[in-house]
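Q: below is the sequence, then the predicted model.
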Amino acid sequence: MLQVPFIREHKDLVIERLLKRQIDATKLINEVIALDEQRRQEQTRLDNMLAESNTLSKEIGALYKSGQAEKANEFKAKTSELKTESKNLTDQLNETTEALNQLLYKIPNIPNELVPTGNSEDDNEEIFKEGTVPKLHDGALPHWELAKKYDIIDFELGNKITGAGFPVYKGKGARLQRALIAYFLDKNTEAGYTEYQLPLLVNEASGFGTGQLPDKEGQMYHVTEDNLYLLPTAEVPGTNIFRDVILNESELPIGITGYTPCFRREAGSYGAHVRGLNRLHQFDKVEILRVEHPENSYKALDTMVEHVKGILQDLKLPYRILRLCGGDLGFTSAMTYDFEVFSTAQDRWLEISSVSNFETFQANRLKLRFRNSEGKNELAHTLNGSSLALPRVLAGILENYQTPKGIVIPEALVPYTGFTLID
């Protein structure tokens, strides 16, 4: 969440930047500043009260020793009175602090100055496009029909076992899925990211730390008996490695990668845009995460974008990069670049990666800090990106690499699959 001192000192900037998200936060920001002022006044009163109580307590013993029992008893009665008042004020301070936090939870991150103003994905800014869209043969099929034709993904079986949005990968389809995971992890570790194998369930504190809670609880599968959540992305457990951690400046930057299945409840179930692998309740994803010095985080964001570009160039898939507008920006992000692969058989772009800089928004929730060169604790910047989400990458490969003889495996994946053709 945003830091209160920043809101207080840059009120007009915060309101102006949130307008990029089509949010008029004037009333909310004024309420935050007013509650913070109330909280600070209550804290000052409490501090003064406790200081007075401590002073009186120290003097009581000396007064008794010097024979001033009446004065000592007056001080004793006063300290008892102050104790009651301080307890009441502490309760009031806690209520004010909680009310302030509840307001802060409602405020999304402020967009970077380069983020375009806009309402929806239609206002996103295309900044890069590369690759040639292949000319497919007559009778080319969308991936869900290719999956059935070559018996590599069974959507109906997944529906029988669990429900819509839980596909079953079979034979060469399962092998290709495993190959993509291994390939992505290898590319990431070669780039300097340390591989982690992460839990698939996270607690409430972890969901809060990365901003999924309280914003996206309706999109997460909740194990109510244990109050745990199936993770929607490896970003949640990966970033929470650093919750309540104070790093040394020399430890930065930190980069990690991990593969996890991901679970999301919000997937739709109707229409071509959500058919097949286009939108799922369970899917595989390889993630990259970075903890950066604030001065270097946007350079790191560019590095992450170039890294994902390199993977798509190796796979020889036509893709484009979009800078998301304010209206399409995630709640926690200050800037996000979306990668989309062109699905030739569907004649549409499919999102396959989001690479984001959260600046201090997550770090403030996580209490993720580093000790700077002056010995002071400072909030770090966090970043993350899909590298990559498998379903739509797989859809793009199946559709763009289809031939009358079968589906050709991209050259970069052949060492991982052990075969060159799905037929």
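A: Looks like it arrived, so ask away.
Q: which other residues reach the strand or helix carrying Pro415?
A: Using DSSP states H and E, Pro415 falls within helix 414-417. By C-beta atoms under 8 Å, 6 or more residues apart in numbering, the residues outside helix 414-417 that reach it are 172, 175-176, 178-180, 182-183, 409, 420. In this view, the C-beta of every residue, glycine as well, is placed from N, C-alpha and C.
Q: make it 7 Å
A: Defining contact as C-beta atoms under 7 Å, 6 or more residues apart in numbering, one finds that helix 414-417 is touched by 175-176, 179, 182-183, 409, 420.
Q: and that helix, how far out from the chain middle?
A: 31 Å (C-alpha atoms, centre = their mean, to the nearest Å).
Q: go on, stretch 68-78?
A: On the basis of C-alpha atoms, centre = their mean, stretch 68-78 sits 58 Å off its chain's mean C-alpha point.
Q: which parts of that stretch are buried?
A: Neighbour counts over stretch 68-78 (16 or more other C-beta atoms under 10 Å) mark 72, 75-76 as buried.
Q: need the strands for the stretch 1-150 of the chain, in chain order.
A: With strands called from DSSP state E, counting those that start in this stretch, the stretch 1-150 of the chain shows them at 125-130.
Q: just the CA trace of stretch 322-335, in PDB.
A: The C-alpha trace of stretch 322-335 is given here as PDB (Å, rounded to 0.1, in the frame of the first residue of the first chain):
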ATOM      1  CA  LEU A 322       1.800  -3.300 -24.700                       C
ATOM      2  CA  ARG A 323       2.300  -0.700 -22.000                       C
ATOM      3  CA  LEU A 324      -0.900  -1.000 -20.000                       C
ATOM      4  CA  CYS A 325      -3.100   2.100 -19.500                       C
ATOM      5  CA  GLY A 326      -4.200   3.200 -16.100                       C
ATOM      6  CA  GLY A 327      -7.600   1.600 -16.400                       C
ATOM      7  CA  ASP A 328      -6.200  -1.800 -17.200                       C
ATOM      8  CA  LEU A 329      -3.300  -1.600 -14.700                       C
ATOM      9  CA  GLY A 330      -3.400  -4.100 -11.800                       C
ATOM     10  CA  PHE A 331      -4.200  -2.800  -8.300                       C
ATOM     11  CA  THR A 332      -0.600  -3.200  -7.000                       C
ATOM     12  CA  SER A 333       1.300  -2.200 -10.100                       C
ATOM     13  CA  ALA A 334       3.000   1.100 -10.900                       C
ATOM     14  CA  MET A 335       3.800   0.000 -14.500                       C
END
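Q: which ones among the buried residues of stretch 68-78 lie within helices?
A: In helices, judged by DSSP state H, the following of the buried residues of stretch 68-78 are found: 72, 75-76.
Q: next, format these as TSV and append distance to Lys187.
A: Below are these laid out as TSV (distance: C-beta to C-beta, whole Å):
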residue	distance to Lys187
Ala72	75
Phe75	72
Lys76	72
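Q: so can I have CSV of these showing pLDDT and distance to Gly118?
A: Below are these laid out as CSV (pLDDT from 0 to 100; distance: C-beta to C-beta, whole Å):
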residue, pLDDT, distance to Gly118
Ala72, 77, 70
Phe75, 78, 65
Lys76, 76, 66
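Q: what about Thr239, distance to Asn88?
A: 39 Å (C-beta to C-beta, to the nearest Å).
Q: more neighbours: the two, which one.
A: Legend: neighbour count by other C-beta atoms under 10 Å for Thr239 and Asn88, higher for Thr239 (28 against 11).
Q: that one should be in a helix, yeah?
A: Yes - per DSSP: H, G, I helix; E, B strand; the rest coil, Thr239 lies within a helix segment.
Q: now do it, the pLDDT please.
A: On pLDDT, Thr239 comes in at 98.
Q: wait, isn't it in contact with Thr382?
A: Yes - Thr239 is within contact range of Thr382, at 5.8 Å (criterion: C-beta atoms under 7 Å).
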